[in-house]
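Visitor: Here's my sequence, what's the structure:
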Amino acid sequence: GKGGGGVYVIVVNCSEGLDYKSIGRMFSGLAQTGAWGCFDEFNRINIEVLSVVAQQVLCILTAITSVNPDNPETRVVFEGIDIRLRWSCGLFITMNPGYAGRTALP
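Guide: Numbers count the residues shown, from 1 in each chain. Alright, predicted model coming up:
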């Protein structure tokens, strides 16, 4: 649905079934549309997947910080594909450490 500022917000309840490709597709969609994504219980994702996902997040955040306000057509190569980045995209992560079945993060 839409958040208070008129931005679309996608909420994902993370699980151990998510792989880096499916998360990467979600990140790519958020980056291209300028929507926000809330990834709830992020630490339920397997640690092997989280290491790749951390690099995906870094790629998007680095691109956001390099956006030139005078040129909103920022492009970034994400997972080998050249995409247009909308500066309004956002990634939000929640975690519940200590719960059974959760990955302990470093």
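Visitor: Which residue ranges of this structure form strands?
Guide: 9-13, 36-40, 74-78, 81-85, 90-93 (DSSP state E).
Visitor: where does this structure have low pLDDT?
Guide: Applying pLDDT under 70 to the chain flags residues 1-4, 72, 100-106.
Visitor: again, only this time at 80
Guide: For the chain, applying pLDDT under 80 flags the ranges 1-5, 67-73, 97-106.
Visitor: and the longest helix for it?
Guide: helix 47-65 (DSSP state H).
Visitor: Now do that one: distance to the chain's middle.
Guide: In terms of CA atoms, centre = their mean, to the nearest Å, the centre of helix 47-65 is found 8 Å from the chain centre.
Visitor: by how many degrees do it and strand 74-78 diverge?
Guide: Per axes from the mean of the first three to the mean of the last three CA atoms, to 10 degrees, the angle that helix 47-65 makes with strand 74-78 is 160 degrees.
Visitor: Against which helices or strands is helix 47-65 packed?
Guide: helix 20-33, strand 74-78, strand 81-85, strand 90-93 (3 or more CB pairs under 8 Å, 6 or more residues apart in numbering; DSSP states H and E). Heads up, the C-betas are built off the backbone N, CA and C, glycines and all.
Visitor: Tyr99 is nearest to which of the ones you listed?
Guide: Counting by CB to CB, Tyr99 lies closest to strand 90-93 out of these; the figure is 15.3 Å.
Visitor: quick one: contacts of the closest one?
Guide: 7, 27, 30, 36-39, 42, 57, 60-61 (CB atoms under 8 Å, 6 or more residues apart in numbering).
Visitor: hang on, the earlier thing: identify each buried residue in the longest helix of the chain, please.
Guide: By 16 or more other CB atoms under 10 Å, the buried positions in helix 47-65 come out as 49-50, 53, 56, 59-60, 63-64.
Visitor: got CSV for the residues you listed, with distance to Phe92 too?
Guide: Below are the buried residues of helix 47-65 laid out as CSV (distance: CB to CB, whole Å):
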residue, distance to Phe92
Val49, 18
Leu50, 16
Val53, 14
Gln56, 15
Cys59, 17
Ile60, 13
Ala63, 17
Ile64, 13
